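> quick one, structure for this:
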Amino acid sequence: MKKTVLFLTAGLGFMAACTRVPITGRSQLNLIPESQMQSMALQEYQSFLTENKAVSPAASKDAEMVKRVGSRIAGAVTRYMNDHNAGKEISTYKWEFNLVNNKEVNAWCMPGGKVVVYTGLLPVTQNETALACVMGHEIAHAIARHGNERMSQGLIAQGIQVAGSVALNRNPQAQNIFLQSFGVGGNVGLMAFSRQNELEADHLGVIFMAMAGYNPQEAIPFWQRMANTGGGQKPPELLSTHPSDARRVQQLQQLMPEAMKYYTPVK
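Numbering: from 1, shown residues only. Here you go, the predicted model:
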């Protein structure tokens, strides 16, 4: 079989690096500097909001709730990372939380803390705690650098060559892989998060939501509702590559004793 090769240039500051995921400790390969990922994220995030107007928190209790939940989880993430001497990994994050008017059952978080929730998700979450479950899960993907991991795999698989002064954020093929890696704008596909990534985000997510003051036990009925969404039709974007319902529920049940140690209810 012909080997594909990814050429990374010193001029772009690329270097292969093995890192470890917070909490789980799993080793992963991230080829792309976090600064480059955040630069691409900001570009694509701003482009997305140009085409998908955010709902104003001043005019919508739902949008206000999204910002409130996001801020609490971001605070929990910061505390967790600082407590484990990993605060520098998120020191450049500039958190933003937006609700957009879109009927898709979806949400995502890009590197650097750019979070979007679609209005189509809210009938499934039904309450603030379940929303915290989703946002904790999506933020966990960013903290675990799953997007970098998946994009690195995609660049290698497609043999993309980056040379001279041409940056990834000017490479249309690389941009597409980036969007696929985060499930933005219906771009979930080959490079969507793996089932391993999803189970890992479940683990980190329930700890983050618990630290933010939301009962992690709500994660189990929420993901059961998600599994029943769509009436047997095409699954929501959030479930495109997710583990089987039974596997997810089993893991969440196993994680509850650990997550509950972090839980203090919001007053």
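> can you list the residue ranges for strands in the stretch 51-200 of the chain?
With DSSP state E, counting those that start in this stretch applied, the stretch 51-200 of the chain shows strands at 96-100, 107-110, 114-118, listed in chain order.
> just the mean pLDDT for stretch 82-102, thanks.
Across stretch 82-102, pLDDT averages out at 95.
> which parts of the stretch 51-200 of the chain are helices?
Assigned by DSSP state H, counting those that start in this stretch, the helices in the stretch 51-200 of the chain fall at 61-83, 122-125, 128-143, 146-157, 172-182, 195-211.
> can you redo these as TSV with mean neighbour count and distance to M226?
Every residue, glycine included, has its C-beta placed from N, CA and C. Shown next, in TSV, are the helices of the stretch 51-200 of the chain (neighbours: other Cβ atoms under 10 Å; distance: least, Cβ to Cβ, whole Å):
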stretch	mean neighbour count	distance to M226
helix 61-83	19	17
helix 122-125	18	6
helix 128-143	26	9
helix 146-157	22	19
helix 172-182	20	18
helix 195-211	24	12
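> worst mean pLDDT among those helices?
Comparing mean pLDDT across the helices of the stretch 51-200 of the chain, the weakest is helix 172-182, with a mean of 74.
> just the angle between that one and helix 128-143, please?
140 degrees (axes from the mean of the first three to the mean of the last three Cα atoms, to 10 degrees).
> can you give the distance from helix 172-182 to the centre of its chain?
Using Cα atoms, centre = their mean, to the nearest Å, the distance from the centre of helix 172-182 to the centre of the chain it belongs to is 15 Å.
> give the other helices and strands that that helix contacts.
Packing partners of helix 172-182 (3 or more Cβ pairs under 8 Å, 6 or more residues apart in numbering; DSSP states H and E): helix 34-51, strand 107-110, helix 146-157.
> mean confidence for the longest one?
On average, the pLDDT along helix 34-51 is 91.
> hey, C-alpha coordinates of it in PDB?
Taking C-alpha atoms only, helix 34-51 is exported to PDB below (Å, rounded to 0.1, in the frame of the first residue of the first chain):
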ATOM      1  CA  GLU A  34      -2.600  25.000  19.600                       C
ATOM      2  CA  SER A  35      -2.000  28.600  18.500                       C
ATOM      3  CA  GLN A  36      -2.700  27.500  14.900                       C
ATOM      4  CA  MET A  37      -5.800  25.600  15.900                       C
ATOM      5  CA  GLN A  38      -7.100  28.600  17.800                       C
ATOM      6  CA  SER A  39      -6.400  30.900  14.800                       C
ATOM      7  CA  MET A  40      -8.400  28.700  12.500                       C
ATOM      8  CA  ALA A  41     -11.100  28.400  15.100                       C
ATOM      9  CA  LEU A  42     -11.500  32.100  15.400                       C
ATOM     10  CA  GLN A  43     -11.700  32.500  11.600                       C
ATOM     11  CA  GLU A  44     -14.300  29.800  11.100                       C
ATOM     12  CA  TYR A  45     -16.300  30.900  14.200                       C
ATOM     13  CA  GLN A  46     -16.600  34.500  13.000                       C
ATOM     14  CA  SER A  47     -17.500  33.200   9.500                       C
ATOM     15  CA  PHE A  48     -20.200  31.000  11.000                       C
ATOM     16  CA  LEU A  49     -21.700  33.800  13.100                       C
ATOM     17  CA  THR A  50     -21.800  36.000  10.000                       C
ATOM     18  CA  GLU A  51     -24.100  33.500   8.300                       C
END
